[in-house]
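K.L.:
kindly generate the corresponding structure for this input.
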Amino acid sequence: MRRCKISPICSKQRQNIFSRFVGEPLACSLSKKSIKLTKVGQTIENQWKDIPNQNENIDIDEFIIMPNHIHGILIIKNQAEASTAPTISQIIRSFKSKSIFRVSKIYKEQAAPLPT
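P.N.:
This next block holds a predicted model:
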């Protein structure tokens, strides 16, 4: 089994649309409890959690959704069979594409413009 850390995936122009801090967290004590996800952030979280359902050789490990980016670790299972599986780049591209599609629906339902 091999772990692959993903570089941060950022919102467009690093806008704070995924979550907000609750209280006054210190950097050393940052936890998911001190972060409140927005509706967009909840959508991003659901899409991230769905990655293993779309890719049988991938599991997710720890992840955190910050106000303008996400950090996550993907676990590649069965490395020998992974040559026919999607690459990490393809998985992340699919995650971003599906997330954008669902987030666009949220903004459309709220009759609000997407962040530019």
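K.L.:
make it CA atoms for all contacts and neighbour counts henceforth
P.N.:
OK.
K.L.:
now the strands for this protein?
P.N.:
Under the criterion DSSP state E, the chain contains strands at 2-10, 19-21, 35-37, 58-65, 69-76.
K.L.:
which elements pack onto the last one?
P.N.:
Which is strand 69-76. Packed against strand 69-76, as judged by 3 or more Cα pairs under 8 Å, 6 or more residues apart in numbering; DSSP states H and E, are the following elements: strand 2-10, strand 58-65.
K.L.:
report the buried residues of that strand.
P.N.:
For strand 69-76, burial by neighbour count (16 or more other Cα atoms under 10 Å) applies to His69, Ile70, Gly72, Ile73, Leu74, Ile75, Ile76.
K.L.:
any idea which of the strands of the chain scores lowest on pLDDT?
P.N.:
Per-stretch mean pLDDT for these is lowest at strand 2-10 (a mean of 78).
K.L.:
need the max-distance pair from the buried residues of strand 69-76.
P.N.:
Spanning the widest gap among the buried residues of strand 69-76 are His69 and Ile76, at 22.2 Å by Cα to Cα.
K.L.:
my read: Ile64 touches Trp48, true?
P.N.:
No. Contact between Ile64 and Trp48 fails when scored by Cα atoms under 8 Å: they sit 10.3 Å apart.
K.L.:
between the two, who's got more neighbours?
P.N.:
Set Ile64 next to Trp48 and count neighbours by other Cα atoms under 10 Å: Trp48 wins out with 20 against 15.
K.L.:
what is the neighbour count of Ser104?
P.N.:
17.
K.L.:
ditto for Cys10
P.N.:
Cys10, neighbours per other Cα under 10 Å, totals 18.
K.L.:
and for the one 4 residues further on?
P.N.:
Applying the criterion other Cα under 10 Å, we find 11 residues in the vicinity of Arg14.
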